[in-house]
Structure formats: C-alpha cells, structure tokens
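Student: got a sequence here, can you model it:
(2 chains)
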Amino acid sequence: MSFDTEKKVITRFAPSPTGLLHGGNYRTAIFSYLFARQHNGQFIVRIEDTDRERSKKEYEENILESLAWLNLEYDALYRQSELVQKHSEALESLIAGGYAYISKEEAKDGSGIIRELVRFKNPGKQVSFDDLIRGRIEIDTTDLGDFVIAKSITEPLFHIAVVVDDALMGVTHIVRGEDHIANTPRQILLYEALGYAIPHYAHLPLVLDESRAKLSKRRGAEPLTYYRDKGYLPQAILNFLALLGWNPGTEKEIFTKDELMQSFALDRVQKSSGIFNVEKLNWINKEHMKLLTKEEQFRQISNYLPRQITELAEFSKEKLMSMNDLLIEHITSFGQIREMGEAGELTFYFAQPSYEKEKLFWKDERDNTMLTQRLTKVCDIIMGIDEKNFGQEIIKNALWEYATNEGRGQVLWPMRYALSGRDKSPDPFQLAQILGKSVTLKRIGHAIALCHG
RNA sequence: GGCCCUAUCGUCUAACGGUUAGGACGAAGCCUUCUCAAGGCUUAAAUCAGAGUUCGAUUCUCUGUAGGGUCACCA
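Tutor: Presented below is the predicted three-dimensional model:
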C-alpha cells in the first residue's frame, strides 16, 4: 500500500461519548495510534459530541482515562461541539456554491415543528476509493438521495462535522471500523464539494462477541475499564487488542508497546472480523505479569490485597513478599488477588485455619494413632532444622526420606492440611517456608492436639 | 430485502501458485506430584461448496452458500 509520504501522517480517534467504550473501540484507537507513531506522525483525539442529548461528560472522562491507562498519548484533543462555527461556515459555503440547500420539513420526532434542514445535493454518481486494507471499493451513491447534513445551519450532523474536522485538522489517514465503509462515499462527496483533499482510508475489521455480532454496549460487551478494574495490565490489553486483526508475520506474540510501534503494519491487518477471546487475553496478561519486575509484581499484589487480609494477626509485608512467586503462579490477573482474598483463600497464610479433624486423614486412612505419630515425627524433623535455613528445599530434603518410607500421601497430606486447612494449596514445604519455623510447628501441634481431642 | 465487506483448526492466525497446510490460546492425555498451580512432552482439531484458469490451486476468476456490516433529522 502506498500513500503520500511527503505529508506528515496525522491520524485520529473520534469516539462519541455516548457510552462506555469497549475493546473493539480501543483497538481502533490502538491501530490509529501505532500507525501515526511509527510514521513519526501525530495522533489526534476528537470527542464527537454533537449529539447533545446522548453525549455525557462522564463518558468523555472515561474515554480519556482509558486512553491514558493504555498509554496512548495524543498530540491534540478536540471536542466537536467546540468546532460548530467551522461546520456552519462549511454549510454556508456549500449552500452558496449550490452543493447543498435548506429544506423546510416537519421534524421526524413527531413534534410537528418545521425545521430548516440542510440537505446535500447528491450528484448521484459512482464513488470509489482505495482502502488501505481492502483495496478498491466502489459504491453507487445514487440511492443515497439528498441526504441531510445538518438539522439547521448551526446544528451540523455527523457527516459534515467529520469531513470538516478531518480536513481542518489535516488528517491524512482515517483508520476506523468497517462499519464506516457505508459512510465513506457520502463523506467523499462532501470532500469533493468542499474542495478538500480526500484522505486515505483504512477500514478495520470489526471485533465480534462470542455470538459473532459486532461488539456493542447494548449487547453486554464489557467496557475497557472493566478489564482495568479486574486488574489486567494495560500493556497486556494493548498487546491482545493489537493481535486481534493484526499479526507480525512471525511467531512472536508477546509485544511491548515499543515493539508494537516497531512491528505494526497496516498491510498486515486482517480483512475479516475477529472474536474477542478472553482466554487468549488471560494468557497474554499472564505473560506480561511474568515480565514485570519482582518489585512491580509485589506492588500490584499489595494494591489488590483486601484489607481483611492485611489486618490478620500474622500478616507482614515481608511474608507477603515471600509469597510473591507463588501468588503470581496461581493467577492470570492481579484482580484475582482481591477475589482470592475476599473468598478467604489467602487467610490461612496469616492466621491459624480452622478445620475438621477428619480432613487430616489421607484418603481412606482413619488410623488416629498413626496420624498422630506421623505428625509428631514431622514436628521432630522440622524442629531439627535451623531457623536461619528454613527454606523449602531444606525442609523437603529433611522430610523426604521419612515421607517416602511412610508413604508420601500419609505424611505430606496431613502436614499440608495442618498448615493450610484447605484441600488445595501450594505444597507443604513452600507453606512451611512462608509460615516460618515457629508457626509451622504451632500449626502441626494444633493438628496433633485435635487428634487427641 | 437493497448495497457493501468477509470466508484456513472451537478461537487468534501463518503459508512468492508447488508445505506431511505451520504456530499460539483453549481442550485432551502423559510426565512431575500428597492436593492445587506452574513446568515439560504428546495428541486431536481447518483451507465453506461447485465450476473455471493452470502441469499444479488455501492462494487467481466466476457462481452459490454462510456470516457480518449498513441502510436516521445517532455517531
């Protein structure tokens, strides 16, 4: 695909603040951003808020917040409502030039009032353009009729506003969703009538939901901020979204933002729509989690850890830090730390768990004497380990022979259960290390006492 | 329905007109293992259909089919 390289590339993201934007919307922003950046161009954000009734400030804030979160910085921010003057001027000139006319019609909303609509005098011709992704597209504009471009001279509608803004801002490449293909001929007609240079178009494939319909708020697509709040990493979302409809042509799948700026190419963007696959997102997010420094991982974990955990008696920052790798291993997003904490799945790390004595038995074993004997032996062995060297490998080595001879399940299950009070948990050696020698002994002692009781 | 776009494993996708159609996610199995997770290995899984062009079509053309988009005084 070729384009005018002499002109500085300017792209834009032009959302309407009429709802919370979902991943599909932001993928458009990402592609637009990446394209601009890698051509040393500019990326403009324009809030299309000409629909006064439906536009809400809170949505605009959400959009800006999301862009900042994704780290998509823009070179300029506009609000379409502040540019109405320019639209009116364009409208006037169109009318003066005979390209448009005022049409007095009854309002469609049933109010019965007569309005002075501005209609575009459609020349009714064949319009074609070379889409950067799809190639040549031809559409006959005849059946579009004299379409309405403004509700009045001071109330511009989408098509005229978009064309005037893009032209005035010098947008060279319009990167937007495929759902805009049908709008393009109309807008080209306006470009021609206004005497503006027609920009390059790149119509992206749509992002679909599981039922293969266009992602939409109405159909329950999650807004991007939902993923932020669930503790996904912005760089992972960026990576995931970039890979939805684009690929580098290599087998590399995990990209940083810089790498994306390096590798992205509009001509490797897919023509067909893609489905938003949370499973893949989870995997990519986890890969990015692993890429973080230990300090950053710990900071994230601390942020998401609910108060009910940090308030526990045996809680300490150091202890939490020692759990870092283990925690990372078990989650696909940091938000799960909060979920696990709230579900009580982390409590045992910081407080003596309560449980039924029966649960200490391995499988079908019910020999109380043997159980007590084994737990006591485990205690003895642990007691012999130097507190300064209380690491999982050392603990494992100390216990392994006994456990193997006795039956690992018979020894390790009760030990692990005594420490965690849970059917599922990390292995007993890791737990012992995290809990420390004295707590480990105390908890096993607690189990032994239960057996006697 | 008109117009437009699209079509490779369930999903994301790779493949100068010549490959045993490759990879990833997910799934299944095995290994490891007291449980969970992680990790390692392995397996199943696709060119929408039919014509045509060609020595040879996933790839080019046409038709059909399917899916999607769009048909506002929203954007």
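
Student: buried ones in stretch A:32-46?
Tutor: Across stretch A:32-46, burial judged by 16 or more other CB atoms under 10 Å covers A:32-39, A:41-46. C-betas here are computed from N, CA, C, even on glycine.

Student: what does stretch A:330-341 give?
Tutor: Neighbour counts over stretch A:330-341 (16+ other CB under 10 Å) mark A:331-341 as buried.

Student: determine which two of these are furthest apart.
Tutor: A:T332 and A:G341 (15.8 Å; CB to CB).

Student: quick one: the helices in the stretch 151-300 of chain A, in order.
Tutor: A:158-168, A:184-194, A:224-229, A:234-243, A:257-263, A:278-291, A:294-304 (DSSP state H, counting those that start in this stretch).

Student: sorry, back to before: just flag the most distant two among the buried residues of stretch A:32-46.
Tutor: Using CB to CB, those span at most 20.9 Å, a distance reached by A:Q38 and A:R46.

Student: end-to-end on stretch A:214-232?
Tutor: For stretch A:214-232, the first-to-last residue distance is 23 Å (CA to CA, to the nearest Å).

Student: quick one: distance of it to the chain centre.
Tutor: Stretch A:214-232 has its C-alpha centroid displaced from the chain centroid by 8 Å (CA atoms, centre = their mean, to the nearest Å).

Student: what does it contact?
Tutor: A:19-26, A:62, A:65-66, A:69-70, A:179, A:206-209, A:213, A:234, A:237, A:276, A:281, A:285, A:300, A:304, A:333-338 (CB atoms under 8 Å, 6 or more residues apart in numbering).

Student: go on, stretch A:292-300?
Tutor: A:231, A:233, A:289, A:320-321, A:324, A:328, A:334, A:337.

Student: list the buried residues for that stretch?
Tutor: Going by 16+ other CB under 10 Å, stretch A:292-300 has these buried residues: A:292, A:297-298, A:300.

Student: can you show me the CA trace of that stretch as PDB?
Tutor: This file holds the C-alpha atoms of stretch A:292-300, laid out as PDB (Å, rounded to 0.1, in the frame of the first residue of the first chain):
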ATOM      1  CA  LEU A 292       7.200  -7.400  35.400                       C
ATOM      2  CA  THR A 293      10.000  -6.900  38.000                       C
ATOM      3  CA  LYS A 294       9.500  -8.500  41.300                       C
ATOM      4  CA  GLU A 295       9.100  -5.100  42.800                       C
ATOM      5  CA  GLU A 296       6.300  -4.300  40.400                       C
ATOM      6  CA  GLN A 297       4.600  -7.600  40.900                       C
ATOM      7  CA  PHE A 298       4.700  -7.100  44.600                       C
ATOM      8  CA  ARG A 299       3.300  -3.600  44.300                       C
ATOM      9  CA  GLN A 300       0.400  -4.900  42.200                       C
END
